[in-house]
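Peer 1: need coordinates for the following:
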Amino acid sequence: MQPTRHDIATIVLETLHELGEDLDNEVLTSADEATRLFGARSPLDSMNLVNFIADVEERISDDFEIDLTLANQSAMSRTHSPFRRASSCIDYIMELIAAHSA
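Peer 2: Residues are numbered from 1 along each chain as shown. Below is the predicted model of the structure:
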């Protein structure tokens, strides 16, 4: 079954909420698509961002049997990081899924 954007948004936001509970971080426990993931005003430090990415990859693999590498050369070479906000991360994951299915 091909995941919808809603499915991926649910995974991303639930992962942020769980991370927020673990870190006792209110910004993450109430995260929405506008929440910053990367940059100066992000509630995540670099290690938390890595953990978040790994958790999202694992959940997509478990739920949809799609193996993705989110932090790849394509992501790192973009002018605007796909990890700026939750919404850009969701859109980026949908791009990878579409390419994976093609």
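Peer 1: for this structure, which segments count as helices?
Peer 2: Along the chain, counting by DSSP state H, helices occupy 5-23, 26-29, 46-64, 73-77, 86-101.
Peer 1: need the residues that contact stretch 64-76.
Peer 2: With C-beta atoms under 8 Å, 6 or more residues apart in numbering as the test, stretch 64-76 has contacts from 1-3, 7, 50, 53, 56-57, 60-61, 81-83, 89, 92-93, 96-97, 100. Using the backbone N, CA and C atoms, a C-beta is placed for each residue, glycine as well.
Peer 1: make a PyMOL selection of the buried ones in the residues you listed.
Peer 2: PyMOL command restricting the contacts of stretch 64-76 to the buried ones, with burial defined by 16 or more other C-beta atoms under 10 Å:
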select buried, resi 3+7+53+56+57+60+82+83+89+92+93+96+97
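Peer 1: which one of the helices of the chain has the lowest average pLDDT?
Peer 2: In terms of average pLDDT, helix 73-77 trails the rest of the helices of the chain, at a mean of 84.
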